[in-house]
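*Asks:* need the 3D shape of this:
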Amino acid sequence: MVRFFGKASGKVDDKGRIVFPAIFRDAMVKEGLEDMTLIVKKNVQQPCLDLFAYQEWARRSDKVLEGLDPELNTEDANFWTKYNEGVYAIVPDGKLGRLNIPAELLEKAGITREVVLSGIGYKLQIWAKETYEASLMTDEQFKLSAQRLSAKK
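*Replies:* As a prediction, the model looks like this:
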């Protein structure tokens, strides 16, 4: 299972492509995922895009589907349809490893030019640079969250 850590900056070119940073390509190759089929979609909770290795996306979406019955339950069917809306399989181009992100997704995430790719373990997040910087927790917020979460144990 590939794990993504660290962050990298980049730019979106006029065709909606972003160079896939070597640090993240190398993580996939290390795990034997040379074909590099990726899934990109709008993040459900934050104004960014999520980028998964295909196998991780399949595992996580199967887990979501386990709790649903979209064949017999209308609310589940509507949720499942919305959950899968705007999900795209992409493969970096072979020459420069560019990711061709659909314009619809770039627009939904407010990404126009400068981006930050942030590894959070099981996936990458792609942010508009200014949105990423504004979304970060302060050190004090992080400390308080860590204390709250550790108290749950």
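
*Asks:* what's the least confident helix or strand in the chain by mean pLDDT packed up against?
*Replies:* Least confident helix or strand, the chain: helix 22-30 with a mean of 84, by mean pLDDT, DSSP states H and E. Helix 22-30 sits against strand 4-11, strand 114-121, with contacts defined as 3 or more CB pairs under 8 Å, 6 or more residues apart in numbering; DSSP states H and E. From N, CA and C alone the C-beta is placed, and that goes for glycine too.

*Asks:* distance check, the spatially most central residue of the chain against residue 148.
*Replies:* Nearest to the mean C-alpha position of the chain, by CA atoms, centre = their mean, lies residue 50 at 1.5 Å. Computed as CB to CB, to the nearest Å, the residue 50 to residue 148 distance reads 25 Å.

*Asks:* about what we covered before: want to try JSON lines for the helices and strands packed on helix 22-30, with distance to residue 68 as columns?
*Replies:* Formatted as JSON lines, the helices and strands packed on helix 22-30 follow (distance: least, CB to CB, whole Å):
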{"stretch": "strand 4-11", "distance to residue 68": "27"}
{"stretch": "strand 114-121", "distance to residue 68": "25"}
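
*Asks:* just say helix, strand or coil for residue 93.
*Replies:* Three-state call for residue 93 (DSSP: H, G, I helix; E, B strand; the rest coil): coil.

*Asks:* so it touches residue 100, yeah?
*Replies:* Yes - the pair residue 93 / residue 100 is scored as a contact, 7.2 Å apart, by CB atoms under 8 Å.

*Asks:* tell me, what's touching those two both at once?
*Replies:* residue 17 (CB atoms under 8 Å, 6 or more residues apart in numbering).

*Asks:* those two: who's more crowded?
*Replies:* Using other CB atoms under 10 Å as the criterion, residue 93 and residue 100 rank with residue 100 on top: 16 against 13.

*Asks:* check which residues of the least confident helix or strand of the chain are buried.
*Replies:* Neighbour counts over helix 22-30 (16 or more other CB atoms under 10 Å) mark 24-25, 27-28 as buried.

*Asks:* stretch 83-95 now?
*Replies:* Neighbour count says stretch 83-95 has 83, 90, 92 buried, by 16+ other CB under 10 Å.

*Asks:* list the contacts of residue 103.
*Replies:* Per CB under 8 Å, 6+ apart, neighbours of residue 103: residue 16.
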